[in-house]
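Student: Pasted the sequence and its predicted model underneath.
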Amino acid sequence: MALALYAVVAAAVIVLFNGIGDSGDSILHYLYSKYAFKHPELFLHHWAKPVFVLLSAPFAQFGFTGMKVFNAIVTGVTLFFTYKICRSLELKNALLTIVLLLFAPLHFVLIFSGLTEPLFAAFLSGSLYLMLRERYLSSAIVLSFLPFVRSEGLVIIAVWVFYFLLKKKWYAVAGLVVGHVVYAVVGYLFYDYELLWVFRKMPYNYRSQYGSGNFTHYFVQMTYIVGIPIYALLWLGVISIAKNTLQGISNLYIQVPILLGFGAFFMTHTMAWYLGLMGSMGLVRVLISVMPLIAIIALLGFNFITENIFIHNNKIKFVIKFVLIGYLLIFPFTPNPAAFNWEDLKLNKYDKQAIQVRDHITTNLDIDQRKFLYVHPYMSEILNIDHFDPQQHQELQPDFMQHLNEGDVVIWDFWFSVIERGVSKKMLDNSPELDLIYELKDDERKTTYAVYVKRG
């Protein structure tokens, strides 16, 4: 019943809202999936993530709506397995995990995107369920493909290794290398890659170009990911697990894959941002990847209050449950910065401006047989340009003049061109061979987009 209701809500959101979840990675992941059949090498692109491309590519052929449908289905899988895990653990109020997953504001918004976090959560929850059912080898094999959904899968694999060693399931440890072996062989046979390409081509083994931040960044930002009530329950869940461990009421499954899995993932991103490593940008959405773990720990926190503290007073227990569940349901719709914002499901103002730029270009230029230079990936979708065909599109770089021919079009934007590629508007304005044909400014009269054409 809960999954059916979720399906109806998801379908309504897909139909009624035109957002893309994120102006950068969301649309770029979609483009890799959309053009993978035309450019088969994209099925093994390390940044795009091979497993994500493989599974989402059929849906991407139906446009970005297809990608939203894919991630909505994937999230349904996560809801199902997370609930089944809680039932198998005989946790009370197991159905509440679906509420905890769907009423985490950022998680709900990013279901309707082209991002990889929802698929990561689905693989994680599926592997967890198989582990709980003592199908250790199957659990290991499923999880072995997690690094090909998101690179942080390696962190979760390390936790699984620890758990299997504690359980003395040596054969399951071997299963954790299956994903790397499969993709190493596929890359070697079909694309002439070396067998170690899956390690050598990793995109995040460098210092971050985005700098670094505070150690407390993710501790604070968790509020904006899951909202205040779920974050409070999460900490109560951690306290509950610690209390049970100290009292000798141990549950290795909860302690290691669930609590340690979340902790290792959380601290990996915390340290990466603090030290400026692995290309970290301090993005809060990455923690959506471990929402199944967050939901289970938060449920333990809920039960800690309602089932443990007030175990002998049914009236107080009922009141506490009523208040907590009510707050969980109401909070996302309150006027709180950490609550849900319907505008997040719509195109943001800069994507709308990109459409204005597209309209000006298509109205005033014959775009056939022209090459475009730009960084903002959304331009490829709205201009219907093959993002990976060098005859149609190339990335705007500081040496842009070396790639331009007569009539080529350059589209500069204030964010991707500057932050991602280091190309300022001044560099384009100072080029004597470029004519500025259109400039779009925001409410503060700052240029957000500029269009140039290479003169003959």
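Tutor: Done, it's in.
Student: contacts, neighbours, all on C-alpha from now
Tutor: Fine.
Student: Remind me which helix or strand the closest residue to residue 260 other than its chain neighbours belongs to.
Tutor: Computed as CA to CA, 6 or more residues apart in numbering, the closest residue to residue 260 that is not its neighbour in sequence is residue 159, at 7.1 Å. Element membership for residue 159, per DSSP states H and E: helix 153-166.
Student: In that helix, which residues are buried?
Tutor: By neighbour count with 16 or more other CA atoms under 10 Å, helix 153-166 contains the buried residues 153, 154, 155, 156, 157, 159, 160, 161, 162, 163, 164.
Student: re the thing from before, spit out the contact partners of the residue nearest to residue 260.
Tutor: Taking CA atoms under 8 Å, 6 or more residues apart in numbering as the contact definition, residue 159 lies against 256, 257, 260, 261, 264.
Student: how close does the third one sit to residue 391?
Tutor: To tie it back to what came earlier, the one meant is residue 260. From residue 260 over to residue 391 the distance is 48 Å, taken as CA to CA, to the nearest Å.
Student: More neighbours: which of the two?
Tutor: residue 260 (19 against 12; other CA atoms under 10 Å).
Student: For residue 116, see how far away that one is.
Tutor: From residue 260 over to residue 116 (counting by CA to CA), the distance is 22 Å.
Student: now the end-to-end length of stretch 35-47.
Tutor: One end of stretch 35-47 to the other measures 15 Å (CA to CA).
Student: Quick one: distance of that stretch to the chain centre.
Tutor: The chain centre lies 19 Å from the centre of stretch 35-47; the measure is CA atoms, centre = their mean, to the nearest Å.
Student: Could you report the pLDDT at residue 408?
Tutor: For residue 408, the model assigns a pLDDT of 93.
Student: That one against residue 371, yeah?
Tutor: Yes - under the criterion of CA atoms under 8 Å, residue 408 lies in contact with residue 371, with a separation of 5.0 Å.
Student: Could you confirm residue 75 falls within a helix?
Tutor: Yes - assignment of residue 75 by DSSP: H, G, I helix; E, B strand; the rest coil places it within a helix.
Student: and it, how many residues sit next to it?
Tutor: Every residue meeting other CA under 10 Å relative to residue 75 is counted, giving 26.
Student: now swap in the one 10 residues further on and tell me
Tutor: Burial of residue 85 is recorded as 23 neighbouring residues (other CA under 10 Å).
Student: who's in contact with the helix or strand hosting it?
Tutor: Assigned by DSSP H and E, residue 85 falls within helix 64-88. Defining contact as CA under 8 Å, 6+ apart, one finds that helix 64-88 is touched by 3, 6-7, 10, 14, 20, 30, 56, 59-60, 92, 94-95, 97-98, 101, 111-114, 118-119, 121-123, 125-126, 128-129, 132, 292, 296.
Student: Against which helices or strands is the next helix-or-strand element following that helix packed?
Tutor: Beyond helix 64-88 in the direction of the C-terminus, DSSP H and E gives the next helix or strand as helix 96-102. Contacts defined by 3 or more CA pairs under 8 Å, 6 or more residues apart in numbering; DSSP states H and E place helix 96-102 against helix 64-88, helix 105-111, helix 291-303, helix 314-330.
Student: Format those helices as a markdown table; extra columns: mean pLDDT.
Tutor: What follows is those, written out as a markdown table (pLDDT from 0 to 100):
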| stretch | mean pLDDT |
| --- | --- |
| helix 64-88 | 97 |
| helix 105-111 | 94 |
| helix 291-303 | 96 |
| helix 314-330 | 87 |
